[in-house]
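Student: pasting the sequence and the predicted model now:
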Amino acid sequence: MRAIYEIRVGMEGPARARHAVTGELPGLVAPDTLDELELMVSELVTNAMLYGETEESDTITLRLRVNHLVRCEVVDHGLGFTVPDDLEATRGRGLELVDRLAERWGVWHSTEGTHVWFESTTG
């Protein structure tokens, strides 16, 4: 299964991303895994909107792929970011959560922008 969504930047962006996950993946992943995937996708979309140099007229791309793993990738038009290392920070903890829940994750850059992705088991 492969799906691509263009999600408009704005307050409803993370919710639209969660709906994409719940609309595409039931039956392909375990229910507990689906909950974790929703959370991680929401975190990536939120980060893309906050730090991806986006404006309200922009869109963020969400790509979902399922084979033996689930791969989710969020693409924004920004130039990247740094992962905070301040343990007292009140923001920037989303990637730490993704790091703990995903099998693996990463960041790469292209002419499209910044790609942040994770892979998880199907449960």
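Tutor: Okay, I see it.
Student: could you list the low-pLDDT ranges of this structure?
Tutor: 80-92 (pLDDT under 70).
Student: and the longest helix for it?
Tutor: helix 31-51 (DSSP state H).
Student: partners of the helix or strand following that helix, with directions?
Tutor: For helix 31-51, the following helix or strand on the C-terminal side (DSSP states H and E) is strand 59-66. The strands beside strand 59-66 in its sheet (DSSP bridges) come out as strand 2-8 (antiparallel), strand 69-76 (antiparallel).
Student: gap between the last one and the chain center?
Tutor: To tie it back to what came earlier, the one meant is strand 69-76. Relative to the chain's own centre, strand 69-76 is displaced by 6 Å; criterion: C-alpha atoms, centre = their mean, to the nearest Å.
Student: tell me how many other residues crowd residue 7.
Tutor: Using other C-beta atoms under 10 Å, residue 7 has 23 neighbouring residues. No exception for glycine: its C-beta is placed from N, CA and C like everyone else's.
Student: that one against residue 58, yeah?
Tutor: No: the criterion here is C-beta atoms under 8 Å, and residue 7 misses it with residue 58 at 9.8 Å.
Student: residue contacts, the residue lying closest to residue 42 once chain neighbours are set aside?
Tutor: Once flanking residues are discounted, residue 42 sits nearest to residue 14: 4.4 Å by C-beta to C-beta, 6 or more residues apart in numbering. Taking C-beta atoms under 8 Å, 6 or more residues apart in numbering as the contact definition, residue 14 lies against 42, 45, 46, 49.
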